[in-house]
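In: Only the shape, not the letters, is given here:
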């Protein structure tokens, strides 16, 4: 079986995760070959090491300059894993991939990830805890073990945070029909601050409420101020907001302060207002899965039992579009995509996309029999 060949450093995570699930070999060439510093970055090498830890028998070959990567996946074995994530990217970068793989391991996964918990680039751990975990439960991945816990916060650039992620194994996923998002009933959030005045979090909450209170009364934003050893190594603050609908759909938005020494500092009032506006924009885009978790939902739909799954999404992000192409390469699954134009009278936000597919009937062959 010839390896699938790709060019460039983009979408490395998608390719390696899908390769691990489908068992197909992957060769990626020309990784930043024209760059001043060619080859894999430290955070990508760290990601490959993490995949190596959760699998057994994976073969990885990288050439001397780091511009060509050959990846032959092994079996997902899971178990207890501890990983020091690279501080160039947040733990969310690594956790997103683990969430995709975790249900299909041999033993239930208990991962301890150390590094940056919140940064302006990747989805934060709080966001994944609030939106990805409930989405997993919709697909039938549940049990006492499923949780993401922030033990220590670590803000970019120096990190120092720690996150525990545990997930039970699952024999097969169940198909879903998520076609009616419903109306927003409440908004919850977390404003966090570390190594700055605890008053910062309160200022963020007040400014976010000043915008959101015009729309809905049921708003509760927790303030999370960690002190001492559990506050990481860098100062910073930020806000994660999640809107929940009557039907249990979760739409989220978040912002983090500019990392120390990397540009103009941001005021907590500005951050609170901008984050509230981002949430309103996400609600406008709508759908049953928010834009951060589109690819996770589509992957779970692909790996479902051989039955029809339907999900209504907002406009597809460029990352999701590329993910669909990769799903076609690795699993030969094509989605039926129907656009649903927004009615002017109903005021239900932007145009939506109804995604339909029949799952490949992926079952967890490595799950150990008790």
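Out: Sure thing, it's come through. The structure displayed is predicted, hence computed values, not measured ones.
In: Can you tell me what sits against the strand or helix carrying residue 326?
Out: Per DSSP states H and E: residue 326 is located in helix 318-331. Contact with helix 318-331 is made by 4, 10-11, 14-15, 18-19, 21-22, 24, 291, 294-295, 298-299, 302-303, 313, 316, 333-335, 360, as judged by C-beta atoms under 8 Å, 6 or more residues apart in numbering. For every residue, glycine as well, the C-beta is placed using N, CA and C.
In: Mark which of these are buried, thanks.
Out: Listed as buried from the contacts of helix 318-331 are 4, 11, 14-15, 18-19, 21-22, 24, 291, 294-295, 298-299, 302-303, 313, 316, 333, 335, 360; burial here means 16 or more other C-beta atoms under 10 Å.
In: Tell me the gap between the helix holding residue 326 and the middle of its chain.
Out: Offset of helix 318-331 from its chain centre (C-alpha atoms, centre = their mean, to the nearest Å): 16 Å.
In: Would you check how far apart residue 349 and residue 80 are?
Out: 43 Å (C-beta to C-beta, to the nearest Å).
In: More neighbours: which of those two?
Out: Neighbour totals were compared for residue 349 and residue 80, and residue 349 leads with 17 against 12 (other C-beta atoms under 10 Å).
In: All the helices of the protein, residue numbers only.
Out: For the chain, helices defined by DSSP state H occupy the ranges 12-22, 42-54, 91-101, 125-138, 199-212, 268-285, 294-302, 318-331.
In: the inter-axis angle of the longest one versus helix 199-212?
Out: Calculated by axes from the mean of the first three to the mean of the last three C-alpha atoms, to 10 degrees, helix 268-285 forms an angle of 40 degrees with helix 199-212.
In: Return the distance of helix 268-285 from the chain's centre.
Out: The answer for helix 268-285 is 19 Å, by C-alpha atoms, centre = their mean.
In: tell me the mean pLDDT over that helix?
Out: Here helix 268-285 scores 96 as its mean pLDDT.
In: switch to numbering from 291
Out: Fine by me, first position is 291 from now on; the one you just mentioned is helix 558-575.
In: related to what we said a few turns ago, I'd like the helices of the chain as CSV, with distance to residue 643 appended.
Out: Shown next, in CSV, are these (distance: least, C-beta to C-beta, whole Å):
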stretch, distance to residue 643
helix 302-312, 19
helix 332-344, 29
helix 381-391, 21
helix 415-428, 17
helix 489-502, 27
helix 558-575, 10
helix 584-592, 10
helix 608-621, 10
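In: Out of these, flag the one nearest residue 655.
Out: When the helices of the chain are compared by C-beta to C-beta, helix 302-312 sits nearest residue 655, at 11.6 Å.
In: any idea of the pLDDT on residue 640?
Out: On the pLDDT scale, residue 640 gets 85.
In: Number of residues surrounding it?
Out: Neighbour number of residue 640 under other C-beta under 10 Å is 14.
In: ok, now which ones touch it?
Out: Residue 640 neighbours (C-beta under 8 Å, 6+ apart): 574, 575, 576, 604, 605, 632.
In: and if we set it to 10 Å?
Out: Residues near residue 640 by C-beta atoms under 10 Å, 6 or more residues apart in numbering: 571, 573, 574, 575, 576, 577, 604, 605, 631, 632.
In: got it, and residue 499?
Out: 477, 479, 509, 510, 511, 562, 566.
In: Show me the residues you listed that map onto strands.
Out: 477, 479, 509, 510, 511 (DSSP state E).
In: okay, the residues you listed in TSV with pLDDT next?
Out: Below are those laid out as TSV (pLDDT from 0 to 100):
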residue	pLDDT
477	97
479	97
509	97
510	96
511	97
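In: follow-up on the earlier one: of the contacts of residue 640, just say which sits nearest to residue 364.
Out: residue 577 (35.4 Å).
In: Give me the below-cutoff pLDDT ranges for this protein.
Out: Scanning the chain with the threshold set as pLDDT under 70 gives 291, 634-637, 656-660.
In: cutoff 80 now
Out: Across the chain, residues meeting the criterion (pLDDT under 80) sit at 291, 433-434, 632-638, 655-660.
In: what sits against the most centrally placed residue in it?
Out: Closest to where the C-alpha atoms of the chain average out (C-alpha atoms, centre = their mean) is residue 386, at 3.9 Å. Contact partners of residue 386, counting by C-beta under 10 Å, 6+ apart, are 303, 307, 412, 413, 418, 422, 582, 583, 585, 586.
In: Run a quick neighbour tally on the fourth one.
Out: Other residues near residue 413 come to 23 when the count uses other C-beta under 10 Å.
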